[in-house]
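Novice: I'll drop the sequence and a predicted model, then ask my questions.
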Amino acid sequence: MAGAGGGGCPAGGNDFQWCFSQVKGAIDEDVAEADIISTVEFNYSGDLLATGDKGGRVVIFQREQENKSRPHSRGEYNVYSTFQSHEPEFDYLKSLEIEEKINKIRWLPQQNAAHFLLSTNDKTIKLWKISERDKRAEGYNLKDEDGRLRDPFRITALRVPILKPMDLMVEASPRRIFANAHTYHINSISVNSDHETYLSADDLRINLWHLEITDRSFNIVDIKPANMEELTEVITAAEFHPHQCNVFVYSSSKGTIRLCDMRSSALCDRHSKFFEEPEDPSSRSFFSEIISSISDVKFSHSGRYMMTRDYLSVKVWDLNMESRPVETHQVHEYLRSKLCSLYENDCIFDKFECCWNGSDSAIMTGSYNNFFRMFDRDTRRDVTLEASRESSKPRASLKPRKVCTGGKRKKDEISVDSLDFNKKILHTAWHPADNVIAVAATNNLYIFQDKIN
Amino acid sequence: QDTQEKEGILPERAEEAKLKAKYPSLGHKPGGSDFLMKRLQKGVWGIISYPLSLEPKGVLGMKSVEQKYFDSGDYNMAKAKMKNKQLPSAGPDKNLVTGDHIPTPQDLPQRKSSLVTSKLAG
């Protein structure tokens, strides 16, 4: 067991010293619903950072190359491309609207000059190609420079068009649209290590797709009971193993994780491994199942471990041990005595994500009041940091925050009752190699870097 | 670890008692099929707080009950009246909402789409 209590750490904290780097987004108090960031994801190299929002838009940032003349801009992320990925739709059959909110973005590994990503809303997954154009052809035979067609009978000589440089233009185009395969709302997509297939998961089913084929997909998990009255749990997240292309896991609303092997059968309703932490039946309450619901599951980069996030904690599991997690880190245990109000204001249903650092030595997840938590697995230390405009001076170190649970509140501590539950950090991402993190605070994207970086 | 567990029980149970005191009709435990089926409809857990109160409009500040529309015309008209959004109901009432005039393509408001670039890119 590691990380008791609600935060704080010895002076010096982890080996990291996090500093503010950048913040993106508007400062105004009035946040439009469409601007709320719903997903954040670095690509495989970390040079690109994608965000999706409730308005169905994707914004991609690119890391600047090192520049000796402007040393402080080294590693800054600037806008590379932005496009409307999904639009609101209407399901005529069910008379329901389909939100354009981007639930997840997953990058494909880069195979040529272009970049590819998958973005999904509740019902439709799209493969986007983002490509650069920095040359333009001039001297066409059949059309003028302004595009007007020339009269072919007037052409007396032929010329070879020349390629001329032009201002960099980044274009995003939808290459594949994977639709109509999900009755329920898609919560996860995951690209397979074979780079050819990917899975998409909704509340009751998981489908396997081939990136080239849009008109069919294989159903590999179906937990819909014949009689819906018997429904006891739903799928909350799913992910492919980072190296074994036949293995994937999915988590449930009851706090369990199932690992499936696609070699064993076409329909993976029967799991190969079942991960569940035994619960003390005497401690069961009305809230037990709700707070045990897993909101995110992520394999470690090594593929040896996986991490799950439930309402109050983050757990690290060894894939070789199904009986219990190897580590449990408390994110905001002080909320246990606030569950009644959190149920009333719906916060108990918030879905927090979690992420690993590149070396799997640290994990990060969000909390309320724009706080986010980091746990160092080696040193067993944890820290609570805040994403706020107040601590947004360039390269300013972030000061560890502490939530006070008991009576006496020390200076600089914040009491549980003063926490702003509207300021929730649900989405965070860690650069695959460097100590750079992206934290989504409602409509703002914060980027922090380690000083030693 | 044992004592830690025991300390954990008390706050959770106390919270449960608080909740049951406020909403005595809160019978079923979460995890039951009613609970989950409502979740499947909207895709968020939030929907299942509905049993807490009999108010149809929204419980405790939550944007709750899924919007059901009679058809796409109904949907578009409801979008047009954003401020006075009413839940359309089956039966004679429906005619009042959708039957006062026959919508023509010009009348129907455009389905909302984000024409504005994200402020993150600004």
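Specialist: Structure received.
Novice: Convert stretch A:387-403 to PDB, retaining C-alpha atoms only.
Specialist: The C-alpha trace of stretch A:387-403 is given here as PDB (Å, rounded to 0.1, in the frame of the first residue of the first chain):
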ATOM      1  CA  ALA A 387      -3.100  23.700 -12.900                       C
ATOM      2  CA  SER A 388      -4.000  27.300 -12.500                       C
ATOM      3  CA  ARG A 389      -3.500  30.700 -14.100                       C
ATOM      4  CA  GLU A 390      -2.000  32.000 -10.900                       C
ATOM      5  CA  SER A 391       1.000  29.700 -11.200                       C
ATOM      6  CA  SER A 392       1.400  30.400 -14.900                       C
ATOM      7  CA  LYS A 393       4.600  32.400 -15.000                       C
ATOM      8  CA  PRO A 394       7.000  31.000 -17.500                       C
ATOM      9  CA  ARG A 395       9.200  28.300 -16.100                       C
ATOM     10  CA  ALA A 396       7.800  28.900 -12.600                       C
ATOM     11  CA  SER A 397       8.000  25.900 -10.400                       C
ATOM     12  CA  LEU A 398       4.800  24.300  -9.300                       C
ATOM     13  CA  LYS A 399       4.300  24.300  -5.600                       C
ATOM     14  CA  PRO A 400       3.000  21.100  -4.100                       C
ATOM     15  CA  ARG A 401      -0.600  21.500  -2.800                       C
ATOM     16  CA  LYS A 402      -2.100  19.900   0.200                       C
ATOM     17  CA  VAL A 403      -5.700  19.200   1.200                       C
END
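Novice: next one: it to chain centre, how far?
Specialist: Chain-centre distance of stretch A:387-403: 23 Å, with C-alpha atoms, centre = their mean, to the nearest Å.
Novice: Give me the contacts around it.
Specialist: Residues outside stretch A:387-403 that contact it (C-beta atoms under 8 Å, 6 or more residues apart in numbering or on different chains): A:6-9, A:13, A:17-21, A:23, A:27, A:72, A:332, A:334, A:370-372, A:383-386, A:410, A:412-416, A:419, A:425, A:439, A:441, A:444, A:446, A:448, A:451. (C-beta placed from N, C-alpha, C; glycine too.)
Novice: for the strand ranked longest in chain A, packing partners?
Specialist: Identified as the longest strand of chain A according to DSSP state E is strand A:162-178. The contact analysis (3 or more C-beta pairs under 8 Å, 6 or more residues apart in numbering or on different chains; DSSP states H and E) places strand A:162-178 against strand A:77-84, strand A:125-138, strand A:213-222.
Novice: between these, which gets nearest to A:A266?
Specialist: Closest approach to A:A266 among these (C-beta to C-beta): strand A:213-222, 7.4 Å.
Novice: what angle do that closest one and strand A:162-178 make?
Specialist: Relative orientation of strand A:213-222 versus strand A:162-178 (axes from the mean of the first three to the mean of the last three C-alpha atoms, to 10 degrees): 40 degrees.
Novice: Pick the most buried one from the helices and strands packed on strand A:162-178.
Specialist: Greatest average neighbour count among the helices and strands packed on strand A:162-178 goes to strand A:77-84 (a mean of 18), per mean count of other C-beta atoms under 10 Å in any protein chain shown.
Novice: any idea how far it is from the chain center?
Specialist: Worked out by C-alpha atoms, centre = their mean, strand A:77-84 lies 17 Å from the chain centre.
Novice: Please point out which parts of the helix or strand that comes right after it sit buried.
Specialist: Next helix or strand after strand A:77-84 toward the C-terminus (DSSP states H and E): strand A:89-91. For strand A:89-91, the neighbour count (16 or more other C-beta atoms under 10 Å in any protein chain shown) marks A:E89, A:F90 as buried.
Novice: Check stretch A:388-407 too.
Specialist: Residues of stretch A:388-407 classed as buried by neighbour count (16+ other C-beta under 10 Å): A:S388, A:S391, A:L398, A:P400, A:R401, A:K402, A:V403, A:C404.
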